[in-house]
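Trainee: Here's a sequence, model it:
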Amino acid sequence: MNATSKNQSDCPEVHVPIPVFLTIGVVSLIENLLVVVAIIRNRNLHSPMYCFICSLAAFNTIASLTKTWETLMITFANVGQLEKTEFSESNLNDVIDSLLCMSFVGSFFSFLAIAVDRYITIFYALRYHNIMTMRRTGVILGLIWITCGVLAVLFVKFFYLKVTMICFVVFFIISLAILCFLYTYMFMLALIHARKIASLTASEGGKCRHHWRWGSNMRGALTLTILSGTFTVCWAPFFLHLVIMTVCPMNPYCECYRSLFEVHVVLMMSHALIDPAIYAFHWKLCS
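Mentor: Predicted coordinates:
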């Protein structure tokens with residue numbers, strides 16, 4: 001994506017050493033695979049929320065595996081152990097871009113699904129198990145994965161059309177707005193609900209149990225808010241890069257920002273590295 005135009009500015013390209021890419025890719029791949037295996041093998045984690053977290057970790061695994069694969073291919077090509085042809089290189093780039101796009105869209109859909117699940121957990125606690133059944137969870141996950149796969153293929157196939165880039169950027173902005181609105185609305189209602197709980201005249205034991213359950217749900221919502229914020233921070237520079245490619249591809253000032261492309265990719269990869277640490281922190285709080 002970065003090599004669509006020649007750098008016309010005085011800003012030199014910033015290159016990140018290949019070992020950095022490889023280290024981040026391998027470590028994040030191992031971390032997210034461990035998260036997926038832990039959720040699958042632990043029956044106590046077989047609930048809708050953890051299914052969505054498992055899906056998020058799986059999308060992160062795809063992103064880590066893709067960048068690790070690409071880095072290895074570049075390394076082998078540089079040392080003469082891999083013969084590059086125009087056809088094979090083009091196909092490899094298409095596959096990598098498709099998988100990265102799928103990972104991005106899938107992560108956002110997973111965050112939206114988790115946010116809705118937390119909303120139902122907090123405000124419809126008594127009806128939660130009737131609303132969020134495992135069967136419905138499976139259907140939602142199936143729709144997410146199928147939709148992400150189709151969107152990724154379409155994005156790469158029609159990447160050079162300006163309307164494709166515009167749609168991708170608009171999707172990012174709208175999804176981010178929906179996510180922010182949902183979490184803001186959730187925490188505003190939580191504040192109102194907490195004040196109502198404080199004014200109840202029920203027994204102390206009942207209030208303690210209610211407060212513990214409420215506090216546990218809110219800790220889960222707070223953790224997922226941190227996950228969403230981390231995702232936004234890590235992916236926003238890369239998305240700004242896509243915007244610049246569309247709006248001012250030849251402007252020298254824009255080219256200065258584009259010269260940091262590899263740094264943006266490292267930051268994007270770091271998202272998959274940071275998420276498992278947040279999961280571990282969440283599970284420690286809930287244990």
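Trainee: In the chain, which residue is most central in space?
Mentor: Closest to where the C-alpha atoms of the chain average out (Cα atoms, centre = their mean) is Ser107, at 3.4 Å.
Trainee: Could you list the low-pLDDT ranges of the stretch 51-200 of the chain?
Mentor: Residues of the stretch 51-200 of the chain meeting the criterion pLDDT under 70: 81-90, 190-191, 193-200.
Trainee: isn't the residue nearest to the centre of the chain right up against Ser55?
Mentor: No. In this structure Ser107 lies outside contact range of Ser55 using Cβ atoms under 8 Å: 9.1 Å. C-betas here are computed from N, CA, C, even on glycine.
Trainee: contacting residues around Val16?
Mentor: 262-263, 265-266 (Cβ atoms under 8 Å, 6 or more residues apart in numbering).
Trainee: how about 6 Å then?
Mentor: 262, 266 (Cβ atoms under 6 Å, 6 or more residues apart in numbering).
Trainee: what's the answer for Thr71, then?
Mentor: 18, 21-22.
Trainee: From those, keep the buried residues only.
Mentor: 21-22 (16 or more other Cβ atoms under 10 Å).
Trainee: from the contacts of Thr71, which ones fall inside helices?
Mentor: 18, 21-22 (DSSP state H).
Trainee: quick one on the thing from earlier: can you pull the phi/psi pair for the residue nearest to the centre of the chain?
Mentor: Main-chain torsions, Ser107, degrees, to the nearest 10: phi -60, psi -40.
Trainee: What distance do you get for it to Cys101?
Mentor: Per Cβ to Cβ, to the nearest Å, Ser107 is found 11 Å from Cys101.
Trainee: how about the helices of the chain, start to end?
Mentor: Using DSSP H, helices in the chain cover 18-41, 48-78, 86-123, 128-131, 134-157, 162-198, 204-247, 252-258, 261-286.
Trainee: winner for burial among the ones you listed?
Mentor: Among the helices of the chain, helix 48-78 has the highest mean neighbour count (mean count of other Cβ atoms under 10 Å), at a mean of 21.
Trainee: Now do that one against helix 261-286, angle only.
Mentor: Helix 48-78 and helix 261-286 are oriented at 150 degrees to each other (axes from the mean of the first three to the mean of the last three Cα atoms, to 10 degrees).
Trainee: Please tell me how far helix 48-78 is from the chain's geometric centre.
Mentor: Distance, stretch centre to chain centre, for helix 48-78: 11 Å (Cα atoms, centre = their mean, to the nearest Å).
Trainee: what angle sits between it and helix 18-41?
Mentor: Using the same axes, to 10 degrees: helix 48-78 against helix 18-41 is 150 degrees.
Trainee: Now do the nearest residue to Thr164 once chain neighbours are set aside against Ile144, distance only.
Mentor: Once flanking residues are discounted, Thr164 sits nearest to Phe158: 4.5 Å by Cβ to Cβ, 6 or more residues apart in numbering. Distance, Phe158 to Ile144, using Cβ to Cβ: 22 Å.
Trainee: ok, now Leu29?
Mentor: Here Leu29 is placed at a distance of 21 Å from Ile144 (Cβ to Cβ).
Trainee: do the same with Tyr124
Mentor: Using Cβ to Cβ, we find Tyr124 at a distance of 22 Å from Ile144.
Trainee: do Thr68 as well
Mentor: 24 Å.
Trainee: again, but for Ser64
Mentor: Ser64 is 19 Å from Ile144, by Cβ to Cβ.
Trainee: do Tyr160 as well
Mentor: Relative to Ile144, and taking Cβ to Cβ, Tyr160 is found at 27 Å.
Trainee: thinking again about what came up before, between the ones in helices among the contacts of Thr71, which is closest to Arg258?
Mentor: Set against Arg258, the nearest of the ones in helices among the contacts of Thr71 by Cβ to Cβ is Phe21 (18.4 Å).
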